[in-house]
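> all I have is the shape, not the residue letters:
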C-alpha cells in the first residue's frame, strides 16, 4: 500500500514526478501504485480506463475497482509511465490511495442532496400537472406550465449536474458514455416542454424531465449505497489497523513510531488494549488476545512466549514484547483488505459481456433515437411528436440495469462470504466455484489443524509436567507448543537454556540436566518410536508424550454435506500412507498418499483434461502448484504465504464448513447473475420496441428505466437469503 508515502490529506492531484515516490516494488522488477479516481461511476468508465492504461509502454496490468473507485497500475520500467496524464486525458482526476480516504467519499452526500432536490421538485411539478390533467382552462394551464418551468430549471441545473458533468467531460474529449444520452434526454425533454409553454401548446413534459432525474438519482444513489455496503467490510478492517506502535530500541528506549516505520526484526511493546500493528512473534509477557479476526471465534485465547500474533489481534490483559515478522503492507490484515477490494474487480465472463454491451450503448442508442426521429417525422410529418418519441427512446434504453447486473451480485456475495469468514479474491473465482464437480483436500493443515494436539502423556510426577511445560515454552516447535498449551505453566529458574534444531530443548535446574525432545537425543538411547517426545532428567525418562493431528472442527459434517450435494470428494496428500488411510477411513473418502507437489498438479491436470472442474483445498508450500492448476482453489488462513497467494478463496476460521458455505454462496450468486442478465435483456426486448412504436411518454420511460435498475439491485441483495441450489 502507498498510503503513508504522500501527503494523503492534500486534495490536489498527484504530479507525475511524485508517481515513483508513491509506488511500491512488488517483485520481478515491477512497481505498483493504487490511485483513487472519484469520477468512476459505470462499466464504461472501467473499460475506457483499463483499455487506455494497458496500452501504455511497460504497463503490465491495469485494474479498476468500481466499489472503491480505485485504479491499480503495475509497470516494469525505471521511469513511471504517463498514468496521470492518460487519466487526465480521459477526464479523470487521481490521487494516492489512503485508508482514511476510504471513509470520506463526498459522492454520497452530493447524490443525497441532488436526490432530495429532485424529489421535492418532482412532487410539486406533478401536483401542477395533475391540475392541468384535471381539466384546467387555458389560462390556468399556461400559468401552471410556467410555474413548472420555474421549478424544473434550477432543479435540472443542480440535480442534473451529476450527469451533465460526466457527459461534458466525455464529449469535450470526443467520447461518449452512459451519461451522454441521459443528459440529452433530460435537456431535450425540458427544451421541448419550454417550447410548448412559449407557444401555448397543450402539453409540456417538465414532470417527465424532473421525474426522470429523480428516478435516475434513486438508481445511482442505491448503487452508491450498495457499494458503500461492500466497502464497509474493508473500512471495518481498516479501523482494526493500528496507526503506530511503540518500538523498543537496542538500548531499551521506548519510542512511538508510525506504522509505516515498522520493519521485520524490530522489537515492539503492545500494551493491554492495543491491537497488534503487524504480524509478530511474542518474545515475553503473557496475556489474553481477541483473535476473532482470524479464527471467527469470539472467545479469547492465551498468548505467551513463542506464540504468533497477526496484525489486528487485540491484546486484552497484559503487556507483550514482540518481534515484528512483517511490515504493515505485508501483514495478514493488509492481505485481507487487498482481497476484499479485489473481490469485485475480477475479469469474469458475465462481467466482460456486460461491459462490452455497455460500451456499445451510447452509439446504438443515439442511432436508434435518430432513426426513430427520422422515421416518425417522415411518416407522420409531425416533428413535435417525432421528437417526443425520440426522447422517450433515449430515456428508456439506458443500460444501467445491464451494467449493474453482475457487479452488484459479486459485491453482495463477497460481503456475505466475508461475514462468514471467507475472503474472495475476485468475482471470476465466484463463477468458477459454482461450476466445480470435484473437490480435492490436502490432509495436514487442511482436513486437520496445522498444530498437533497432545493425545496422551505418561509422567512420573506433577513436577515433571511443570518442567516439561516450562521447557516447551522456550521452543517454537509444534510439539513443544502443544505441550505448552496443555500442561500447567510454572516459572522455573532454569540455567543455560539451549535448543538444538530438530532434536529438542535442554536446561539445567537444581544441578540436574533436563531434556525435552526426541527420544534418541534426550535419553541417548534408541527408541522404537522415533517420533516419540520424552522428558529426561540426566538421561532417565520421566515423561513421555504422544501427539496426533486433530481434525478441523466440522470436518466430518462438511465432507458429508459436500457428498450429499453430489460432489466427488477425495484426499490427496504428501503424508505417510498410514495416517492418510486412517483419516480416509474416518471420513469415508478415497485417498492418495505420498503424492509429490508435481504429482498433485498432474493429477488435477488429468481430471481437467477429462472434463472435470476441480476445487483444490490446501495449505502448504507443496500445495502451491496444485492450487494454481485447479479450476478454483481455497486455503485456510493458517496456510503458508505461497498457499494463500495462490488460492482464490481464504477462509479465516478453523471450521471446515467454510468450504460448503462458499460453494452454496457461489451457486446462489450464479443464479442471481443469470436472473439479472435475463431481467436486463428482457427489459430491453420489451421496452425498446414499445418506445419506438410511440406508446411510451418520456415520463413513463423514466419510470421504466429506473425501475429496471432498482429491480436488478434489489435482486442482487437477495444473496443474503437462502443457500440456493445449483
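The structure has been received and is ready for your questions. As the structure is a prediction and not an experimental result, all values here were calculated from the model.
> that's a strand at residue 33, yeah?
Yes. The assignment for residue 33 by DSSP: H, G, I helix; E, B strand; the rest coil puts it in a strand.
> partner residues bridging it?
residue 73 (DSSP bridges).
> quick one: contacts for residue 211?
By C-beta atoms under 8 Å, 6 or more residues apart in numbering, the residues touching residue 211 are 122, 125-126, 699, 702-703. To be clear about C-beta, it is placed using only N, CA and C from the backbone, and glycine gets the same treatment.
> out of those residues, flag the one nearest to residue 179.
When those are compared for distance to residue 179 (C-beta to C-beta), residue 702 wins out at 14.8 Å.
> okay but the closest one is in contact with residue 212, surely?
Yes. Contact criterion C-beta atoms under 8 Å: residue 702 and residue 212 qualify, at 3.3 Å.
> if we can go back for a sec, of the contacts of residue 211, which belong to helices?
Using DSSP state H, the members of those that fall in helices are 122, 125-126, 699, 702-703.
> taking those residues, tell me the two that lie furthest apart.
Spatial extent of these (C-beta to C-beta) is set by the pair 125 and 703 at 14.4 Å.
> when these two are compared, which one has more neighbours?
Between residue 125 and residue 703, counted using other C-beta atoms under 10 Å, the more crowded position is residue 125 (25 against 19).
> on that earlier part again, joint contacts of residue 702 and residue 212?
Common contact partners of residue 702 and residue 212 (C-beta under 8 Å, 6+ apart): residue 395.
> count of residues packed around residue 184?
Neighbours around residue 184, by other C-beta under 10 Å: 18.
> show me the contacts for it.
With contact set as C-beta under 8 Å, 6+ apart, residue 184 has these partners: 167, 394.
> tell me which helix or strand it sits in.
In the assignment (DSSP states H and E), residue 184 maps to helix 179-198.
> who does the strand ranked longest in the chain touch, helix- and strand-wise?
The single longest strand within the chain, with elements called by DSSP state E, is strand 540-548. Helices and strands touching strand 540-548, by 3 or more C-beta pairs under 8 Å, 6 or more residues apart in numbering; DSSP states H and E, are strand 453-459, helix 462-472, helix 478-486, helix 519-523, strand 533-537.
> may I see the ones you listed arranged in TSV, with distance to residue 593 and mean pLDDT as well?
Formatted as TSV, those follow (distance: least, C-beta to C-beta, whole Å; pLDDT from 0 to 100):
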stretch	distance to residue 593	mean pLDDT
strand 453-459	21	80
helix 462-472	30	86
helix 478-486	20	80
helix 519-523	25	83
strand 533-537	24	90
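> related to what we said a few turns ago, can you tell me which of the contacts of residue 211 is closest to residue 41?
Residue 41 lies nearest to residue 702 out of the contacts of residue 211, by C-beta to C-beta, at 19.0 Å.
> for the closest one, give me its contacts.
Shown in contact with residue 702 (C-beta under 8 Å, 6+ apart): 208, 211-212, 215-216, 395.
> could you dump the residues you listed into JSON lines and include distance to residue 47 and pLDDT?
Below are these laid out as JSON lines (distance: C-beta to C-beta, whole Å; pLDDT from 0 to 100):
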{"residue": "208", "distance to residue 47": "30", "pLDDT": "76"}
{"residue": "211", "distance to residue 47": "30", "pLDDT": "80"}
{"residue": "212", "distance to residue 47": "25", "pLDDT": "75"}
{"residue": "215", "distance to residue 47": "25", "pLDDT": "74"}
{"residue": "216", "distance to residue 47": "21", "pLDDT": "75"}
{"residue": "395", "distance to residue 47": "23", "pLDDT": "75"}
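> now, which of the residues you listed lie within helices?
Within these, membership in helices is found for 208, 211-212, 215-216, 395, as judged by DSSP H.
> which two among those residues are spaced furthest apart?
Within those, 208 and 216 form the most distant pair, 12.0 Å apart (C-beta to C-beta).
> quick check: which ranges of the stretch 551-700 of the chain have low pLDDT?
620-622, 640-643 (pLDDT under 70).
> which residue ranges form the strands in it?
All strands of the stretch 551-700 of the chain, identified by DSSP state E, counting those that start in this stretch, fall at 568-572, 590-592, 614-617, 632-636, 649-651.
> again, but for the stretch 151-300 of the chain
Using DSSP E, counting those that start in this stretch, strands in the stretch 151-300 of the chain cover 244-248, 254-258, 267-270, 280-284, 287-290.
> nearest to residue 162, of those strands?
Short answer: strand 254-258, nearest of the strands of the stretch 151-300 of the chain by C-beta to C-beta, at 37.4 Å.
> lowest mean pLDDT among the helices and strands, pick that one out for the chain.
Sorting the helices and strands of the chain by mean pLDDT, DSSP states H and E puts helix 99-102 at the bottom, at a mean of 42.
> quick revisit: out of the contacts of residue 702, grab the one that's most surrounded.
Neighbour max across the contacts of residue 702 (other C-beta under 10 Å) = residue 395, 34 neighbours.
> hang on, that one packs against residue 700?
No. Under the criterion of C-beta under 8 Å, residue 395 makes no contact with residue 700, lying 9.1 Å away.
> one step back: ok, and what's touching the longest strand of the chain?
Contacts of strand 540-548 (C-beta under 8 Å, 6+ apart): 452-461, 464-465, 468, 479, 482-483, 519, 522-523, 532-536.
> tell me which residues in it are buried?
541-545, 547 (16 or more other C-beta atoms under 10 Å).
> which of these lies closest to residue 430?
Closest to residue 430 out of the buried residues of strand 540-548 is residue 547 (38.3 Å), distances taken as C-beta to C-beta.
> endpoints of stretch 538-556, how far apart?
44 Å (C-alpha to C-alpha, to the nearest Å).
> quick one: that stretch to chain centroid distance?
Remark: stretch 538-556 is offset 38 Å from the chain centroid, using C-alpha atoms, centre = their mean, to the nearest Å.
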